[in-house]
Structures are given as structure tokens and as C-alpha cells.
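Asker: need coordinates for the below:
(2 chains)
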Protein chains: 2
Amino acid sequence: MSGFVTGVIPSRVNPDLQEERDRASFNVTELTHIIDGGAEKTTQRKRIESILFGDPDFRGFQDAKAFGSKSDFYSAMVHKSTKLFKLKQELRWSEEEFGIALRIAGQGMALNLQHDMFIPALERLATKEQKAKWLIPAKQYKIIGTYAQTEMGHVGKSSNHAVVLATLIIKGKKYGMHPFFVQIRSMEDHTPMPGIKIGDIGPRMGRLTSDNGYLILNNIRIPRENMLMKNAQVSPDGTFTAKAPNQANYATMVMVRVDISQYSSYLLSQGATIGIRYSAVRRQSKLDPKEREPKILEYQTQQFKLFPALAFAYAIFFSSRSLRRNYTEAYTEIQKGNLQKLPELHCQSAGMKAFCSDNMLRELEIIRQSCGGHGYLNASGIAMLVTTAAPIVTVEGETTVMYLQVARTVSRAAKLVQTDVLSGIPQHLAFNKNLVNMVRAAKAHCYYSVVKDFSEAVQILKASHQTIKVLRTLCCFFAVHGVVEESGDFLEEGISNNTRQVVAPTAKPQNTQCKNTKQTSTKRRVRDKERQRTTQKHQTQRTTHKPTRPMGNRCRIRTAICHGNNRRPNAVALVDAFDHRDMALSSAIGSYDGNAYERLFKSAEKDPMNNEEVHQSYHQYLRSFIQEMNKAKL
Amino acid sequence: MSGFVTGVIPSRVNPDLQEERDRASFNVTELTHIIDGGAEKTTQRKRIESILFGDPDFRGFQDAKAFGSKSDFYSAMVHKSTKLFKLKQELRWSEEEFGIALRIAGQGMALNLQHDMFIPALERLATKEQKAKWLIPAKQYKIIGTYAQTEMGHVGKSSNHAVVLATLIIKGKKYGMHPFFVQIRSMEDHTPMPGIKIGDIGPRMGRLTSDNGYLILNNIRIPRENMLMKNAQVSPDGTFTAKAPNQANYATMVMVRVDISQYSSYLLSQGATIGIRYSAVRRQSKLDPKEREPKILEYQTQQFKLFPALAFAYAIFFSSRSLRRNYTEAYTEIQKGNLQKLPELHCQSAGMKAFCSDNMLRELEIIRQSCGGHGYLNASGIAMLVTTAAPIVTVEGETTVMYLQVARTVSRAAKLVQTDVLSGIPQHLAFNKNLVNMVRAAKAHCYYSVVKDFSEAVQILKASHQTIKVLRTLCCFFAVHGVVEESGDFLEEGISNNTRQVVAPTAKPQNTQCKNTKQTSTKRRVRDKERQRTTQKHQTQRTTHKPTRPMGNRCRIRTAICHGNNRRPNAVALVDAFDHRDMALSSAIGSYDGNAYERLFKSAEKDPMNNEEVHQSYHQYLRSFIQEMNKAKL
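Answerer: Residues are numbered from 1 along each chain as shown, chains lettered A, B, ... in the order given. Modelled structure (predicted):
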């Protein structure tokens, strides 16, 4: 307790956390290399981290700035953005290196959209001549830009230019949404250009927000050449010509959806790191009255909160990496003018954007609650992750809308619409009547795809036997978890057989135990299996060290599920492998050394409200109130 | 659009919202009276609202204070608290009246714990003499107090006294947790007493937080008489005597759990109001390409987000009111020394606390997401509700822990533990191995209880035929929703027959269609029924005005489900009946007049960041950066 009271952080790793690390059955560094994409990529990332975290301005948000007003905080973020942009120029970072820096320092950036949307939009929508005129200066930060599509969002106080998606009307005829390049503020003094009304949209849920604003254009005239004309042109006489389908104008959104899918795994891996490390050092209640309070990680209920989150983090990681590869391939084709893959990419990125962000947010909130009261403190880091994740389910394609784009290609739901149409219900009503089924089907389909990606990635992985074994176990657990949680949807969609094949690819459906068994009892049995893979240390240790022996296909599925026993000993190692530096996590309870309570206390001490023993409000209000009440005769 | 651009709020109700109101099949005022507990109670509440909202300090959080620092905001909350306490004295409010005032003005109060825990703790734990000494001054605000139980929480900068739950040790022997009355700050100058370290716990997830702090006691001596000795005594010679079981010392927590259950329905009813009103005025996308964009409330997917939330709000309202009655009855007995009902009350309040807060938070987050990007803005009101609700699932008994208290009495889960123990697994491991099943069982049990309470409340209601019909439909929908969402748990626990009886009490199980049908196909069929109760306006209108005709029991259940069709026309009226004043809602998108966009814009304009066209950060950082970049030769 003395360390806690004085807020001195011990120099040793908390023994409770070290104990978990000592249990790992695989080499953590090897997995870190896999996640980074190779040992040399890990070195590259660490080099960038050293640069960033050597500078106090990039050391998370546990400092004075976090306690100030929204306006102060925004200023600090502008400062941080410009510093990072300068670093890019000075150190001549490649786009890849800068991408790593942005991800690590990213949450608190005010000018994110310069790289997240403004530059990509110009790259995808501008002609060669337009690129020379605007893309080059944007990359050199001579102009600061944004992307404006709906009435409110993404503009704010920082930008002086914007790519605006707006309806093109020529001689009264509408030609759909097209991109226009608009100067919104003076380059001399940053005041809004005539006819432009622009401002911040007001406080949001979290503290760490980019510069979201509103933009109102009132009779703004721009030259015809300011329409970004890569995909469609308007000639001086007003003739409209389209080179590509209108969809191509949304190419930036497709890219951002891929970004979001990958970013979701990043945020969730941070959350899982915090939740699992904290649960290894927090002791509470008693299972056995004769023993000391167990680590909360030992409770089955806590494992059922944290292990799915961990599995989602890895599943989304592998699946979104595979999406990125598909995207890069397709984009190369699209740049050559071959738009064939665009619709598929549209659908795939929509589904993944919805699936990744939706599950990330839900799992982060579960982790937050698993941290008890501390999960509500900003100092925990997990509360900030939840508020950072909260808008991601909405931006660049709201979850339900995205799922519906996928669902149009899913069979049973489509059949329901068809049946209704044949029965005489107008098409749009039949569609509306089946929206919920379509979303359910799309969710199940996405889950299946992610299991497939995860499983395939593990199958082709070049790594040690131990690491592959751990990842395979995690993948099996992820698949089983999906079946148990959404069993109804899987059963309805009739894709459970496929899932089994993915999980245990050598097991032929006709050999599986599930065949000819009632569906609900399957569900019950899977749940019972899930229950068996729990905390019994003595059993776990015995099973883990047993030599592998030949077994039938039926056994293989069961064992795949039961190998869940491997997860407890490897849980901390699996989050360690993500290798989030303490400064990036900004979490008092999830730090690498596990000294949660000392760090929490130290963090609370930094609150300016604790600079003075008696708060100003006492002198302002409380003293006179208490005095008055003590004088009063009641 | 001109109204939007200038931020002028029209004086008329948005016709899209009015249209929904005109569709209601029941008298809204009648239902408001039911919710308030009678017409005279509605008048009482409105009188208190007029007093509070006549004072700018109580008019929600859409003002300058919301934009300042945490410290400024805390000061404003102290001011608000002392003003409210003075009002109570000046207007000689009864406890009931003050309770209403606290609920309406409550979210932003700094000194909430004076009434929420400090006074109740003294009432429940102090002897007659101790009450004279401390309870009376506490009620007169001569002392400001709090309740301290765990290391971090509930102390902070405001209080000068605390009821501290701590382990009683006499001559080296532990006697469990007991309450002690401790002065923590000087009454002269508010400085901490010697040996006391006290401060704020640092920033939290939301903005509207009470004064949560940490308290460290280091060799503090208090007189023996400062132990609150109603339930247990220590004599001058150190003899310990217990009058009541140790549980009685947690009586305050039981009361707070009842409070939280009721408060959960209040917060959720606010959220439902915002989500449903907004969905009636927001138009987006097209179902029928020939028609204008529909209200998003017309989409089946939107209804599946909002109607369950609405049903939960009413279900939790009726069920927590019934819990309050049980509590009041049991408390009267307990005060007489009859502690027989304490264990049952403990279990019941634990289950309801978990169920109400858990479902409230989940439904609020669903509503938030259903509001699209605006749900992320504080101005929406819904974002603030989510962050206000976020800690409630943890405080005074974390959800999982609470469910486990219920589960010990639920049969199948208990049997699983027993089976494992009989098979030779030590009791504590058997227990841990079944924790997840126990939580599942407890959730299903709680759902069933809430359906039962809701249904019974509607059955005995003295109201018009129309109002009863609407509430009965909502109750049926709530029951069906639970069965569909958690079908697995219900089927496993074998309580689905009971549920059917509750929903349609006259239908005998042997007559229901579900008998002798496979369970999964029941689920599928119920889902299909759920699907049928959708947006088709033409069908709805036809069905609604059909005369009731005699029907068999099978039909009755089906109809109960299909009557979901009634919900759409009544959705807005059902949230109107909660009668939340705009100033209490603090929502730009959920106001009574439905002028969402004009209010949003007006709200954004209030952000101090929009006071100046060019933000200070431009002069501080951005200008020199852009200039530098424009000079650079790259």
C-alpha cells in the first residue's frame, strides 16, 4: 500500500503479470514480427516510435492538455499535427513510414483529413493537370484540405481548401454527385472566403476528436476546371461526358473503409491489451475461501468477456490485412482503367467496414465494463478507446447501411424479398419488410468470411509450430464463439457446415458429430464444450503437455474447441505480441509493467483539480452556503 | 434551408412529427398521469419543473459551461447543487417533491451523494442518538457528506464528512465491514484533516460527473462512538455485539440499487424520446424511387433499433416501480427489526439493478447509433445519456456480480454445479466452471420477471380501453422480443411456456401452436412474425381500424405479436407520454417541436470556438507552418 499512497511506481514488473508471461507456450517476438510484416518492419516501427515518444508532445494524453477546455485541446492537436508533418519532411519518411507514425500518434491529430481523405481524393479524382496544380502542393502542406460530403462534418477551423461532393446540374439537368475543388479560407489571413460559412460542430462524445466542422456554401462561383474531372468531364459548352460509372467518385470512401477495417483491429488490440493485463494484476473476491483472492482473469465470466475480444482483435487483423491486399490489387487495375472489380470491392469493403467497426466497438465496451469502475476513468485508456471508436461505426457508411449492401448478394434474404414480390407486394415494400433479415444474413456472412480469412492466413503462415498452434487455437475459438453467439443466424442461413469445414478443414461434414443431430442440441453441446474450456489450472496444465496422438475427425473438432484451454496461459503473451508501447496505450491500468494502482494514483494526482487542497468552488459557493445553513434556525 | 442557415427556430411543430402525433390511438395525457402516478402528481411535477426551468442555471447543458474545463464545470455543478438545496429549504419541499427536483436537475449535480447515500446511510446505520447528532445537521446541510467504501470513488473536493465502510478489528480479531462516521475536512477552511489524503480521481468518460474522489486514511483516530452502531455495537471494554446480520450494513446499497433501477427507466425513456422523435423528422435515402425520401422511422431496420428500446423503457418503468413497492414494504418491516425479507430483497434488487442498467446502456447505445453522425454530438443529448449511463452498470454492484447473486437460486445452473461437485471437482472450481451458465440463467430469469411485472401492472391498470390496449401490445412485443433475442437461453431454461402464459394469460400451453413443434422452427416462426409487424402503412392502417372479433387461443398469441403493427402509429405518442421537457432532455434533435436541424445549427453556433472566424491555433501554429511550407523548396 505504501507505493500506492505515495504514487511511486515500482521499477519491477508486477509479479502477477510476470507469472502470466512465464506461462506462454510460444515466442512473443516471433508473433510480433508476423503482425508487423517481418522482423525488419518491427525494427522500422520501433525506430519511428523512438522518434515520436522522444518528444513530449507525442506522449499520449495523460498530461495537462487533457484537462483543459475543448479549444485548448484543439490548439494542442493542431500543434501536434504540424509537428508530425514537419517530421515527415525533415526525415523524408516514405508513405509507409508516415502511415506508421500517423497510426501511433493518430488519435489526437487535428489535421488528419489532409492524409486520410484530402490527398487520397485528389489522387483518385483529379486529372493529371489538376494533380500538378493541387495534389503536389497538398503533399507539401502548402495548402491544408478536407473532404466535405454531408451538411455537417469534416471541415472546421483548420482547412483552407476542400474537395466537395455535390450534385452537378447543367442547364437544369441533374448529373449525380461529383467532386469539386473549392478554396474555403483566405491564404492570407485564414478568414472564410466570401459566401462561405464555416465552423466547429460543437462538443462531441469523446475528447480526442479531429476538427469536425460544418460548411455552408452560399452562391459560390468556382471555375469549371475546379470540377475534379478524372471520371467525368464537362466541356466549356456544358456537354457532360462520363468516362467511369458514377461509383468511381466514391473511390476515396472505399479506401477509407479499408483503412477503418485495419484501424479497428489496431484499436481493439489496444483495448484487449489493457483489459487482459489489468485482469492479470487485479485480485478480487474469493473462489476458495482458504486461498487468497484470485486474479480476476481466473474467473470464467471474465474470460468470456476478454477472450472473444482478443480473438476478434486477431481475426479482424488478419481479415482486414487480406482486404487491404485485395484492395491494392484492385486499385492497380482501376488505375489502369479496368473497373471490373469495383462493384465487388465496394461490397467487400462495405461489409468489412461494418463488421470490423461494429464488433470492435461492442468488444471495447465489454472490455471497459470488465475493468470495473476504473474502466470509466480516462486514465484507464479504455474509456478513451470507446469514445474514439464510437463515431467509427457511423462515419463513411453507417453499419446497417453497409450490411445491407452486402445482403443484396446473400441468398435466403434475397429469396424472401422475391417471394414477397411474387405475392404482389410492391418491390420497395417487400424490400423494407425484409431489411432486418438481410442485415442478419449479412452479419453471418461477414463472420464466415472473417473466419475464412483468419484460417487461411494461419494455414499459409511460415512460423514455428508453437506459434501456429496458438493462432490456430484462437481461430477455432473465434469460429466456435461465432456459432454459439449467433447460432440462430448460422443455422437459418445453412452455412454451419461450411464453417465447420473452415475450422477443421480435413473433417468431412459426413463424419462430423453434428450430422443428423437436432440443431438446438448441437447448440447446447457446443455451449457445454465452451464451458469445459475454462479455468481449471490443474487440468489445463495436464492437457497442454500431453503428446499429440492420432484421432478421428469427430475428435478433431471437439479438440479444436477444447484446446481453448491453451488460451489462458497465452492470453497475456498474445496481447504482448501486439507490442503497444505504454505511451501509445496511455493506460494506467494496462502498462507493460502491470503496476496499475501506482500508475492510477499518479495519474489522478496530475489532475489540476488536485493542485490545490481546497478547490475554488469552495470559496465561490460552498463556504457561504455552509455558513448560511449553520446560522439558519430551521 | 434558409432557416437552417440562419439558425432561426421555426415556431411551428415540424409537420413530420405532428403527422405521427395525429396517428396516436390513445390519449397521451392519460398515460402521462399513469406514469406520474395520478393527475395530481403530474401537476406537482410540472410545478417543480416550472420553478427549476425558470432559472437559467438549471436549463440543461447547452450553454457556455459545457465548453469550459473540467474544473470550471465542477464549480458550476457545486453552484447548482447549493442552489437546489436552498430551494428545498425555502420552498419547504417534501422528500417526494425534492426527489422529483433531483431527478429532473440531477445529472449535473456535484453534491448528489448528500441525498443519494450520505443521508440514507445515516438513516439506516446510525442509532437514535447518532441520528440527532449527525443526521439532522446533514439534512439541514450544516455538514456535507459522502459514502466511502472502496479505495477510489465518491469523495472528492466537496465533502467535509464521510460514512466509511471499513473492517472492524478489535484486539487483532476481524469482525467484518462496519460503518464509521469520519470528519474528513475542516469546518473552518475546508482543508483535509490531519492524516487524510483526498482528491479528485481525474477525468472520466463523460462530462457530467459527480464529484468522484479518492480518500486515504493514514492512522486516523476517531472516538468509539463514531462507529454507526444500529446493527452492531462495541462496548467501551471492546466487547462486540451484533444485533443484525452483517448484511444489514449494506442496506444503503440495496436502496441505491432500487434507485438505480428506477433511474435507468428514466434515462432510457429520455433516450427513446430523442431517437424516436428524430427518426420521425429525419428523411433519408429512397425506398420507392418515385416518392420523396422517407422518414427513417419507416425503415424496418430503424424500427428494430428503436421499438425494443421503447419497450424496455416501459418494461423497466413498471418493473422497477413494482420493485420500489416491495422495497418500501420490506424496509418498513426491517425498521421494526424483522429482517426476514432482507435476503430476498438483496437478491431481487441485485437482479433488477443488473438487468435495468445493463439493458438501459445497451439500448441507449443502439439509439445513439440510430441517430447517425448526430448521435456523436453532445448537442444530440443521446451521447450524454450514454456517457451518463456508462458507469451505472458498474457502481453499487457490477452487472456480472449482481447476476451471479440471482443465479444461485436458478435451478439448472445450480444443478450443473452440483453435478460437477458430485463428479469430484472441488466446489470452488465447479462454481467457476459454471459462472457463465449461471449468468445466462440469471439474465433469462430477470427478463421473465420483468415481463411478469409489466404484464401484471397492465392487467390491474385502471385506464381507458385504448391506453390499456397500447400498453398490452407493447408488453407482448417486449416478451416476444426477449424470446427471439435470447431464444437459446429461454429454451435451455425451459421457461418459455411460462412466458407464453404471461404474455397471453388465457392461452393454455396445450393449445398453443408451439406445442410439439421443433424448437428451432419455433424461433424461426417467431422471427417471421416479428418481421411481419413492419412498416407497411397501408396494411397497418387497415388492421388498426378492424373491429375485434372472437378468436382461438392460438390466434391470440399470433395476434398479440402481429399487433406490433400498432406500434408505429403510437411510437411518438408513447415517448411523448413520458413528458420530458426540452430543458431536461437537452437535445437539439429530440425536442418537442421536432425542429432538429435548426436547433443543431444554433447549438453549434454557441461553441466558443465559433466566436471567432479564425481560431487562435492559426496564429499560434498553423500560419507559420503554412508559410514555412510555402517558402520551402522541396
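Asker: so A:S81 makes contact with A:M109?
Answerer: Yes - the pair A:S81 / A:M109 is scored as a contact, 4.9 Å apart, by CB atoms under 8 Å. Placement of C-beta: from N, CA and C, glycine included.
Asker: more crowded one of those two?
Answerer: Taking neighbours as other CB atoms under 10 Å in any protein chain shown, A:S81 and A:M109 compare with A:S81 leading, 28 against 21.
Asker: what does the pLDDT read for that one?
Answerer: Note on A:S81: pLDDT of 90.
Asker: just for the stretch 301-450 of chain A, where's the confidence low?
Answerer: Counting by pLDDT under 70, the stretch 301-450 of chain A shows low-confidence ranges at A:412.
Asker: got it, and the stretch 101-250 of chain A?
Answerer: A:107-108, A:150-154, A:156, A:207-211.
Asker: for it, which segments count as strands?
Answerer: All strands of the stretch 101-250 of chain A, identified by DSSP state E, counting those that start in this stretch, fall at A:145-148, A:161-170, A:173-183, A:196-200, A:213-217, A:232-234, A:240-242.
Asker: need the ones you listed in JSON lines (columns: mean neighbour count and distance to chain B).
Answerer: Below are the strands of the stretch 101-250 of chain A laid out as JSON lines (neighbours: other CB atoms under 10 Å in any protein chain shown; distance: least, CB to the nearest CB, whole Å):
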{"stretch": "strand A:145-148", "mean neighbour count": "27", "distance to chain B": "12"}
{"stretch": "strand A:161-170", "mean neighbour count": "18", "distance to chain B": "11"}
{"stretch": "strand A:173-183", "mean neighbour count": "17", "distance to chain B": "13"}
{"stretch": "strand A:196-200", "mean neighbour count": "21", "distance to chain B": "4"}
{"stretch": "strand A:213-217", "mean neighbour count": "21", "distance to chain B": "6"}
{"stretch": "strand A:232-234", "mean neighbour count": "18", "distance to chain B": "22"}
{"stretch": "strand A:240-242", "mean neighbour count": "13", "distance to chain B": "20"}
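Asker: out of these, nearest to B:L345?
Answerer: Closest of the strands of the stretch 101-250 of chain A to B:L345 is strand A:196-200, at 49.8 Å (criterion: CB to CB).
Asker: relative to strand A:213-217, how tilted is the closest one?
Answerer: Put simply, strand A:196-200 runs at 170 degrees to strand A:213-217, going by axes from the mean of the first three to the mean of the last three CA atoms, to 10 degrees.
Asker: parallel or antiparallel, which strands does strand A:196-200 pair with?
Answerer: strand A:213-217 (antiparallel) (DSSP bridges).
Asker: for the partner strand, what is the distance to the chain centroid?
Answerer: 28 Å (CA atoms, centre = their mean, to the nearest Å).
Asker: closest one to B:H615 among the strands of the stretch 101-250 of chain A?
Answerer: So among the strands of the stretch 101-250 of chain A, strand A:196-200 is nearest, using CB to CB, at 8.3 Å.
Asker: which residues touch the spatially most central residue of chain A?
Answerer: The centroid of chain A falls nearest to A:S264 when counting by CA atoms, centre = their mean (1.4 Å). Contacts for A:S264 (CB atoms under 8 Å, 6 or more residues apart in numbering or on different chains) come out as A:316, A:320, A:356-357, A:359-360, A:389, A:392.
Asker: likewise A:R204?
Answerer: Counted by CB under 8 Å, 6+ apart, A:R204 has contacts A:212, A:391, B:376-378, B:383.
Asker: rewinding a little: now do the phi/psi pair for the residue nearest to the centre of chain A.
Answerer: Per-residue torsions, A:S264: phi -60, psi -40 (degrees, to the nearest 10).
Asker: domain ranges for chain A?
Answerer: Chain A resolves into domains spanning A:147-244, A:250-537+A:546-576 when parsed by automatic domain parsing.
Asker: closest to A:F73 out of the ones you listed?
Answerer: Closest among the domains of chain A, using CB to CB: domain A:147-244, at 6.4 Å.
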